[in-house]
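Student: Any chance you could fold what I've pasted below:
(one chain, ligands or ions: 3)
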Amino acid sequence: MFGSVDRRRGTGFLECVFFGALGRVYLYICSCIYIGREEVEPGIAIHSDSHLPSFLPNVMAPLSRLLALSASVAVSTALTIAEINGNKFLSPYRDQTVSNVTGVVTAKGPDGLWLRSTQPDGDERTSESVYVFGRTFGANLTVGDTIVVGGRVAEYRSNKDYIYLTQISTPVLQGRLSSGAAVKPLVIGKDTRDPPNEQYSSLDGGDVFAVPNNVSQISVANPELQPKKFGLDFWESLSGELVTVKKPTALTKPNSFGDTWVAGNWKVSGRNGRGGLTMTDKDANPEAIIIGTPLDGTKNPTGTKMGDSVEEITGIVSYAFGFYRILPTTAIKITKSQAPALPPATKLVSSGKCDGITFGDYNVENLAPTSDHHPDLANHIVNYMKSPDLIFIQEVQDDNGPTNDAGTFSRKLSQHFFPFFSNVVPDNGPHASRPAFPASHIMTIRDAGV
Ligand SMILES: [Ca+2]
Ligand SMILES: [Ca+2]
Ligand SMILES: [Ca+2]
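Tutor: Numbering: from 1, shown residues only. Ligands and ions are numbered 1, 2, ... in the order given. Have a look, this model is predicted:
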């Protein structure tokens, strides 16, 4: 078989035409394609003006990878993983092809594997591990294998508002040096420093609550990492690393996927009486980390509660869906819950006089006239919140509930639920009537002092 290559630079698209005894076969290769929010492996499309034998796609897959490598604009050789990651958020070798990258396989996931360098540089800003993206790449590799890899350095994100994740894509296995290397996770707070516990980023003056905010974006400013000071920088400096979280505590109830925020036995600030971390001015709790989807296909529990003790977690530091996260090697396990299950009622009780007022804040979860949780809400407001003088409530819907129309206030709720309150001020802002963002109301329970 012989052929010709037509390289179209700037489009990431490579077309090869092979012809011979089989007739003409057209092989199209894209270095990277996207389906939905997931990146998938290099695209290979084969068209032929003759009958193709069934083995041909198998023969062409490795060939396509080699061709994709050769088609790269620039090639760098024998880089360390630390050099690939660099000391900023984005790789200095972004979109370049690299080869002879040596590392030990520390973990495998459904779409790729993670490599740890055999030549660490002693600089805590440069992660010594990296994600190698390729669904079939690791099929014959196991944890503890020391391998030599080539591929393209890619910065991947599934949404323009997210931070990029550095990875090696379109990988080619250049060699397996040995097997059975010991793979030891880094214990966070012991083998690494403690995560910073107040500030997220050098942008926004270090305060995510500062006004004005969003002065720039990490992926645009690409600042040099300061893992001692800023949370995002700390987690980025461990990107791709296999880590252990000792004595984790759940900080929230999980989302519907079982993703759970935790903090380990490192130094935290803002710990509250229920074991959570309370956000305050200039403390947005970057020491919290979300535990994402387990690598082995198991599922995290969805019934976890704030303050629950969790069994030691080992997994890979990654980034997806807007958050740095640890992908555990297997599902997390809850070992103990807070008792009693409900916190006590507040001790802040209004005197009903003008010398002081009490405030409350309650998300009433899509409250509509047809909701069945009116009695629970009333019970919580009266018996747990002790009827604050002023209460901010979120997620109030209008008379027709989730229907998206001009309504921002429920006449029925005002007749049946709100009569407990002496004054109701609905939020008539631009989002007030949208089902995804039900309105906020400020209500006063008593006139005294307000
Ligand atoms: Ca990076
Ligand atoms: Ca380093
Ligand atoms: Ca904190």
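Student: what does the stretch 101-250 of the chain have sitting close to ligand 2?
Tutor: Within the stretch 101-250 of the chain, the positions adjacent to ligand 2 are 121, 123, 126, 128 by C-beta under 5 Å from the ion. Glycine gets a C-beta too; all of them are placed from N, C-alpha and C.
Student: what's the helix or strand for the residue lying closest to the first one once chain neighbours are set aside?
Tutor: Right, residue 121. Closest residue to residue 121 in three dimensions, ignoring its sequence neighbours and counting by C-beta to C-beta, 6 or more residues apart in numbering: residue 82, at 4.2 Å. Assigned by DSSP states H and E, residue 82 belongs to helix 81-85.
Student: Just checking that helix against ligand 2, any contact.
Tutor: Yes - Helix 81-85 reaches ligand 2 (C-beta under 5 Å from the ion) through residue 82.
Student: What's the local residue count around the closest residue to residue 179 other than its chain neighbours?
Tutor: Counting by C-beta to C-beta, 6+ apart, residue 145 is the residue found nearest to residue 179 once chain neighbours are left out, at 5.1 Å. By the criterion of other C-beta atoms under 10 Å, residue 145 has 21 neighbours.
Student: so residue 145 makes contact with residue 105?
Tutor: Yes - between residue 145 and residue 105 there is a contact under C-beta atoms under 8 Å: 4.8 Å.
Student: In terms of helices and strands, where is the closest residue to ligand 2 within the stretch 101-250 of the chain?
Tutor: Using C-beta to the ion, the single residue of the stretch 101-250 of the chain nearest to ligand 2 is residue 126, 3.7 Å away. Following DSSP H and E, there is no helix or strand that holds residue 126.
Student: contacting residues around the residue lying closest to it once chain neighbours are set aside?
Tutor: Leaving out its chain neighbours, the residue that sits closest to residue 126 by C-beta to C-beta, 6+ apart is residue 82, at 3.9 Å. The neighbours of residue 82, taking C-beta atoms under 8 Å, 6 or more residues apart in numbering as the test, are 117, 119, 120, 121, 123, 126, 127, 128.
Student: These in strands, which ones?
Tutor: Of the contacts of residue 82, the ones assigned to strands by DSSP state E are residue 117.
Student: how about the strands of the stretch 151-300 of the chain, start to end?
Tutor: Ranges of strands in the stretch 151-300 of the chain, per DSSP state E, counting those that start in this stretch, are 165-178, 186-187, 242-245, 249-250, 260-263, 289-291.
Student: any chance of those strands in TSV, plus distance to residue 378?
Tutor: Shown next, in TSV, are these (distance: least, C-beta to C-beta, whole Å):
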stretch	distance to residue 378
strand 165-178	46
strand 186-187	48
strand 242-245	40
strand 249-250	29
strand 260-263	30
strand 289-291	34
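Student: Compare the ones you listed and give me the one nearest ligand 3.
Tutor: Nearest of the strands of the stretch 151-300 of the chain (C-beta to the ion): strand 260-263, 8.6 Å.
Student: Mind putting the contacts of residue 82 into CSV with neighbour count and pLDDT?
Tutor: Formatted as CSV, those follow (neighbours: other C-beta atoms under 10 Å; pLDDT from 0 to 100):
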residue, neighbour count, pLDDT
117, 21, 98
119, 11, 96
120, 13, 97
121, 15, 97
123, 13, 98
126, 21, 98
127, 26, 98
128, 25, 98
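Student: How about the stretch 101-250 of the chain: which residue is closest to ligand 3?
Tutor: Of all residues in the stretch 101-250 of the chain, residue 197 sits closest to ligand 3, at 4.0 Å by C-beta to the ion.
Student: my read: that residue touches residue 267, true?
Tutor: Yes - judged on C-beta under 8 Å, residue 197 makes contact with residue 267 at a distance of 6.3 Å.
Student: who's more crowded, the two?
Tutor: Neighbours were tallied for residue 197 and for residue 267 using other C-beta under 10 Å; the higher tally belongs to residue 197 (21 against 11).
Student: Show the model's pLDDT score for the more buried one.
Tutor: As predicted, residue 197 sits at a pLDDT of 97.
Student: who touches it in this structure?
Tutor: 231, 267, 268, 269, 270, 283, 285, 286, 287 are the contacts of residue 197 under C-beta under 8 Å, 6+ apart.
Student: Mind giving me the ChimeraX command for buried ones among those?
Tutor: Here is the ChimeraX selection string for the buried members of the contacts of residue 197, based on 16 or more other C-beta atoms under 10 Å:
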select :231,268,270,283,285,286,287
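Student: min pLDDT across the contacts of residue 197, which one?
Tutor: In this model, the minimum pLDDT among the contacts of residue 197 belongs to residue 283 (93).
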